[in-house]
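have a look; sequence and predicted model below, questions after that.
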Amino acid sequence: MTLKPEITKYLSDRALLKLPQLWEAPVSVHRANSHLNVALQQPLTDIYSVKHKSIPGPTSNLPIRIYRPNEATDLPALVFFHGGGWVLNFLDIYEPALRKLSNLGKFVIIAVDYQKAPEHPFPIPFDDCFATLKWVSDNATELGIDKSSIGVGGDSAGGNLASAVALKARDEKSIELAFQILIYPCNNNLMDYQSAIDNGEGFGLTTKSMQWFWQQYLQDKQDHTNSYAVPAIASDFSKLAPAIVLASQFDPLTDDAKIYYQKLLSAGVAAIYKEYPGQIHGLFNLGGVTADADLMYSDIATEVNALLGRN
């Protein structure tokens with residue numbers, strides 16, 4: 001299948017902005033340009049409540065947003081880590097998608113604005129995300145959350161962080177996660193798979209850009225052998241939380257998601273994989289551009305509730 005027509009138009013419109021490549025301008029410029037994200041033009045769906053809080057992290061206070069679909073006090077929860085190559089993006093960009101997802105799934109979503117590379121490279125973003133999960137678990141009663149129904153998820157770099165947090169939760173036996181949602185995760189820093197070649201240019205995210213992001217995140221050579229930084233190199237994938245792995249057809253990271261899914265299956269982890277034909281990296285935030293984004297939210301809601309036995 002070729003690109004969906006609305007995605008071809010979206011990419012053409014983005015090209016007209018003539019934004020610099022990641023390596024051509026300071027990070028501050030790219031962060032300013034992220035305010036042009038199309039998600040910020042989407043209307044906000046009504047939801048029962050959205051609370052803005054700050055919680056203590058390992059090295060800094062962390063802004064979070066808590067999305068609640070109804071007044072029930074025993075809801076499942078998704079601790080969500082946003083994408084942006086560990087460098088870019090902010091919670092406003094994710095507000096339209098997370099409101100829709102919380103309403104559809106009837107679960108609480110807690111999204112964290114973790115600290116970013118290159119100022120805060122690995123392990124700081126990872127530590128912030130794990131600390132957020134621990135805070136949610138520790139405060140489940142006050143948050144009106146069912147402690148036995150907490151999962152993690154994220155898109156792109158957030159998918160990497162969710163994968164890593166799931167690994168640590170299993171390793172430490174500190175929190176028994178109910179699920180993990182990995183949306184086109186970047187779990188292999190070598191990118192030595194075919195989609196990085198086939199989809200490396202012309203579809204939004206490029207392989208060269210992804211390599212630049214990895215360089216900002218992993219600034220110490222020893223981090224390249226740390227499975228919490230590079231989840232794909234973990235020696236053991238057994239006993240991890242059930243996984244929902246999602247990918248887009250025209251994405252340098254398509255095979256990253258598919259290979260990680262296969263590793264989970266081979267280790268006996270319950271997992272499903274879905275690839276969206278004609279779609280690109282960033283689909284999760286394209287609710288105002290393509291109907292497939294809304295399909296993705298619906299798929300996530302359905303699969304999470306199936307895993308929790310709520311369907």
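Okay, I see it. All figures in this text were calculated on a predicted structure; none of them were measured in a lab.

the strands in this structure, which residues?
49-56, 61-68, 75-81, 108-112, 145-155, 179-183, 243-250, 271-280 (DSSP state E).

give me the angle between the first one and strand 61-68.
Between strand 49-56 and strand 61-68, the angle formed by their directions is 160 degrees, by axes from the mean of the first three to the mean of the last three C-alpha atoms, to 10 degrees.

who does strand 49-56 pair up with?
strand 61-68 (antiparallel) (DSSP bridges).

same check, this time on the fourth one
If you go by DSSP bridges, strand 108-112 pairs up with strand 61-68 (antiparallel), strand 75-81 (parallel).

shouldn't Ile47 be in contact with Tyr67?
Yes - if you go by C-beta atoms under 8 Å, Ile47 and Tyr67 touch, sitting 6.1 Å apart. Backbone N, C-alpha and C define where each C-beta goes, glycine included.

ok so, going back, among the strands of the chain, which is nearest Ser227?
Closest approach to Ser227 among the strands of the chain (C-beta to C-beta): strand 179-183, 14.7 Å.

about what we covered before: and of the strands of the chain, who's closest to Ser163?
strand 179-183 (5.9 Å).

just put the strands of the chain in TSV and tack on distance to Thr302.
Listed next are the strands of the chain as TSV, based on distance: least, C-beta to C-beta, whole Å:
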stretch	distance to Thr302
strand 49-56	23
strand 61-68	18
strand 75-81	13
strand 108-112	16
strand 145-155	14
strand 179-183	12
strand 243-250	10
strand 271-280	10
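
which one of the ones you listed lies closest to Lys18?
The nearest among these, by C-beta to C-beta, is strand 271-280 at 19.3 Å.

helices or strands next to the closest one in the packing?
Secondary-structure packing of strand 271-280 (3 or more C-beta pairs under 8 Å, 6 or more residues apart in numbering; DSSP states H and E): helix 5-16, strand 243-250, helix 254-266, helix 291-307.

give me the buried positions along it.
271-273, 275-276, 278-280 (16 or more other C-beta atoms under 10 Å).

out of these, which comes closest to Gln216?
Nearest member of the buried residues of strand 271-280 to Gln216, counting by C-beta to C-beta, is Ile280, at 21.9 Å.

I figured that closest one hits Leu3, correct?
Yes - between Ile280 and Leu3 a contact is recorded at 7.3 Å, counting by C-beta under 8 Å.

who touches both of those two?
11, 203, 250 (C-beta atoms under 8 Å, 6 or more residues apart in numbering).

do you know how far the residue nearest to the second one when sequence neighbours are not counted is from Leu101?
Right, Phe203. Closest residue to Phe203 apart from its sequence neighbours, by C-beta to C-beta, 6 or more residues apart in numbering: Phe250 at 4.4 Å. Noted for Phe250: a distance of 23 Å to Leu101, by C-beta to C-beta, to the nearest Å.

between the two, which is the more surrounded one?
Leu101 (27 against 24; other C-beta atoms under 10 Å).
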